[in-house]
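Trainee: sequence unknown, structure follows:
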């Protein structure tokens, strides 16, 4: 991703995971991706398995949408993770982090929240905003 700058200050808590405090984006077209749940794109059904399988499917779905928009995970500038159970956070965080290379130019800003219920009783939903270079 070009034309991005990590915003970081010691006057706010440091990022404690695979995210940045903030990202500044210049001369980009923003792509707002709807939240993805672990639906199989062929059957339209929630995939079988636990939080590992569901998170992997969600990330695969996000990657497909990003690719359709001419983007990759490297273009993501903001992510929001919705969890049915916050005790799944560590595993989701691990799988999420694996989608960004260690030399990723700027890890996205991110929020994670526990919600009362997700569509189709999914355990995880993730939405992202990407900055596509013109």
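Mentor: Yep, that arrived. On a predicted model such as this, the values are computed, not experimentally measured, just so you know. Numbers count the residues shown, from 1 in each chain.
Trainee: Quick check: buried residues in the longest helix belonging to the chain?
Mentor: For the chain, the helix reaching the highest residue count under DSSP state H is reported as helix 51-68. Buried residues in helix 51-68, defined by neighbour count with 16 or more other CB atoms under 10 Å: 51, 54, 55, 56, 57, 58, 59, 61, 62, 63, 66. Backbone N, C-alpha and C define where each C-beta goes, glycine included.
Trainee: before we move on, what about stretch 109-128?
Mentor: In terms of neighbour count (16+ other CB under 10 Å), stretch 109-128 has its buried residues at 109, 110, 112, 118, 122, 123, 124, 125, 126, 127, 128.
Trainee: about what we covered before: so which elements touch the longest helix of the chain?
Mentor: Contacts defined by 3 or more CB pairs under 8 Å, 6 or more residues apart in numbering; DSSP states H and E place helix 51-68 against strand 28-36, helix 89-98, strand 124-133.
Trainee: Tell me where the chain is predicted with low confidence.
Mentor: When residues are selected by pLDDT under 70, those of the chain lie in 1-2, 27, 102-105, 134.
Trainee: redo that, cut-off 80
Mentor: Low-confidence regions of the chain, defined here as pLDDT under 80, cover residues 1-5, 16, 23, 25-28, 101-106, 133-134.
Trainee: center of it - which residue?
Mentor: Taking CA atoms, centre = their mean as the criterion, residue 79 is the residue nearest the geometric centre of the chain, at 4.3 Å.
Trainee: Contacts only, for that one.
Mentor: 19, 96, 108, 109, 110, 111, 126, 127, 128, 129 (CB atoms under 8 Å, 6 or more residues apart in numbering).
Trainee: Taking strand 124-133 as reference, get the angle to the helix or strand containing it.
Mentor: In the assignment (DSSP states H and E), residue 79 maps to strand 76-83. Orientation check (axes from the mean of the first three to the mean of the last three CA atoms, to 10 degrees): strand 76-83 against strand 124-133 gives 170 degrees.
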